[in-house]
Each structure stands twice: as structure tokens, then as C-alpha cells.
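Asks: model the structure of this input:
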Amino acid sequence: MSEHRPIIVGLGELLWDVFPDERRPGGAPANVAFQAEQLGNQGIVVSRVGTDELGEEIVDFLKSKGLKTHGIQHDEEVPTGTVTVEFDERNQPKYVIHEGVAWDRLEFTDDLAEIMKSASAVCFGTLAQRESKSRETILKAVQSVQDDCLKVYDVNLRQNYYAADWIRNSLNLSTVVKLNDEEVEVIAPLFDFSRDEVKFAQQVIEEFSTELVCITRGAKGCCLVSADEVVEVEGKPVQVADTVGAGDAFTAGLITSLLRKRTLHEAGNFANQVGGIVASHQGAMPELKEKFDELRSSVF
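Replies: Numbers count the residues shown, from 1 in each chain. Next comes the predicted model:
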């Protein structure tokens, strides 16, 4: 009997990360779907690309990795998205996210509605909500899932592409909220919440009826807070190649664990390991299926 493969939808931006020496496929929700596929789920990217060479190339890349691409729309008027990535002296990525691109124009279609109805989990963020067209589509898509679908808001703030109302609407829709410690510092004052991470998470749960808040701390691990539990999970040291996509891989690991009904400590630990493995490789979508198969067999 074959293993059940839950459908995990990455809803939002699909783009090329343009590094000083090369370009690599990326976009946070797309990264989550890609890693979800490598972790034994069915990853589906829902986004929009241009009818250009870059769009064709990125769709072909996802197909070559086994992902279904029927959730990717094509735009004849604007190009496929790109992001210029540079690194600071601490090897942390800095992004220039170019505007006027296809994923800003995501449309709610019958095909998208069907995909959402089939989803066991959907991951969406803030960046793809920077234009009203895609923002309305994303919120409508998340609202159209089945009642038992895991709705994961991976906050993922980038540059100045966020507003309190977008964040509030997303929090209201979410089952799980995942953000990093730096994002807590940004969001807490928007809602007059505590900057203490555990108190902040508890206030989010109380205010927005979210079931779980996960706060990542890079190499220091993560904290998972539910209505009746606070779990601290230490990080494990890895040799970092670059951190691009590591947080998205963490999210894919977290979703994979939660869908398999693991405890919060097990889910946080597994997600930490997945994120660490990706951080030890270059790019947001490295080929890691064999490593992940080994990790899954030792955990699930």
C-alpha cells in the first residue's frame, strides 16, 4: 500500500533569485511547496509567471523535480518575477524585490478553487499581498479550503511590503502562524502586543483564535506556543552555505510533522533539522530528496 501524500499548496510568489554569480528559482511559498514535495508530500505551487523565457524555464524546472504545475498562471503583459540577492558581512541575504511582475497579478479562477479544495495544507505569506489584485486572490483562496485544511501564515516580511491590515486579515484566517524573532519586533507594536516572544504568541492566539504560533530563532532553534503548551526546541549547529530558503524549508518540515499529528516538540525538532539541511546547501531549492528520505525514515 502506497503512502498517503497530503497536498501542500504554496500560494504566492514564484520568481528567480538573482545572485552575483547565477540565478536560482525561489519565492517563499514556492520554496515551501518544493521542499514539501521532497519531504514526501504533494507540493503544488500556485503563482503566476510571464509568458517569457524565465517563466518557461522556472515551470520546466518545477516539472523536472516532480511538482505539478497546473496551479501556475501565465501573464502576457508583465514579466516573470526576479529578486536581486546580495549578502552582508554576516552572510545574511539582502533582497531587492522587483515590482510590476506576474505574481502581483494572481487571479482567482475555477482551477485555483479546485486546487484549494484538495489541499491538506496551504502556506501563504505577506509579500505576495503587496498589490490589491493578488491580495484579494490569496485571501479568497485561503477562505475556500476545506474545514480541516491547515492554513499556515508564514509572515515572511520583506522590505516595506507589509501593512497592519494585511497582517491582521492573514492572522484572522490562519490555523498556524510562523515568523522569526526579528518579525516579532516589527509586528508586536503594530497590534500593541508584548515583544516577549511567548507573551506575543499567546496574545496572537487569544486575539485571532490561531491554534499554533511558531517563532524561529535561526541557529538558536524555535519556540512553539499553543493555547495550552509552550515548547522550546534548541537548534543544532550546521555549516551554513547560505540561509536563503532555510526558513521556508523549516515551514515545510513543520507542516509535514503537523499533518502527521506529531507532538509540538517533535514537529519543531524535525522542522529545525530540515531547515538546517537546506542552510548547509546553496540556494532555496537544492536537490535533497535522498537526505530527507533518510531523515523521515528515522522520525516518522
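
Asks: next up, the contacts around residue 109.
Replies: residue 73 (CB atoms under 8 Å, 6 or more residues apart in numbering). Where C-beta positions appear, they are placed from N, C-alpha and C, glycine not excepted.

Asks: same check, this time on residue 215
Replies: 178-181, 184, 197, 200-201, 222-225.

Asks: what's the neighbour count on the closest residue to residue 279 other than its chain neighbours?
Replies: Counting by CB to CB, 6 or more residues apart in numbering, residue 246 is the residue found nearest to residue 279 once chain neighbours are left out, at 3.9 Å. The number of residues packed near residue 246 is 25, by other CB atoms under 10 Å.

Asks: from residue 54, how far off is residue 246?
Replies: Separation of residue 246 from residue 54 (CB to CB, to the nearest Å): 24 Å.

Asks: over to residue 243?
Replies: Separation of residue 243 from residue 54 (CB to CB): 24 Å.

Asks: what does residue 71 give?
Replies: 18 Å.

Asks: who's more crowded, the two?
Replies: Set residue 71 next to residue 54 and count neighbours by other CB under 10 Å: residue 71 wins out with 22 against 19.

Asks: any idea which helix or strand carries the closest residue to that one other than its chain neighbours?
Replies: Distance criterion CB to CB, 6+ apart; nearest residue to residue 71, sequence neighbours excluded, is residue 46 at 3.9 Å. Using DSSP states H and E, residue 46 sits in strand 42-50.

Asks: show the subsequent helix or strand relative to that strand.
Replies: Strand 42-50 is succeeded, C-terminally, by helix 53-64 (DSSP H and E).

Asks: now that following helix: buried residues?
Replies: Of the residues in helix 53-64, 54-55, 58-59, 61-62 count as buried by neighbour count, 16 or more other CB atoms under 10 Å.

Asks: what angle do it and strand 42-50 make?
Replies: If you take axes from the mean of the first three to the mean of the last three CA atoms, to 10 degrees, helix 53-64 sits at 170 degrees to strand 42-50.

Asks: touching helix 53-64 from outside, list them.
Replies: 14-16, 25, 30, 34, 45, 49, 69, 72, 74, 79-80, 82, 102, 285.

Asks: if you rank these by neighbours, which is first?
Replies: Neighbour tally across the contacts of helix 53-64 (other CB under 10 Å): the maximum, 34 neighbours, falls on residue 14.

Asks: state the distance from that one to residue 142.
Replies: Distance of residue 14 to residue 142, given as CB to CB: 17 Å.

Asks: repeat that for residue 282.
Replies: For residue 282 relative to residue 142 (CB to CB), the value is 32 Å.

Asks: so who does the closest residue to residue 181 other than its chain neighbours touch?
Replies: Counting by CB to CB, 6+ apart, residue 181 lies nearest to residue 217, which is 5.0 Å off, once chain neighbours are set aside. Residues counted as contacts of residue 217 (CB under 8 Å, 6+ apart) are 180-181, 223, 235.

Asks: before we move on, what about residue 137?
Replies: By CB under 8 Å, 6+ apart, the contact list for residue 137 reads 106-108, 112.

Asks: secondary structure class for it?
Replies: helix (DSSP: H, G, I helix; E, B strand; the rest coil).

Asks: next one: phi and psi at the residue nearest to residue 279?
Replies: Phi and psi for residue 246, reported as degrees, to the nearest 10, are phi -70, psi -40.

Asks: cool, residue 206 as well?
Replies: Dihedral angles (degrees, to the nearest 10) for residue 206: phi -70, psi -40.
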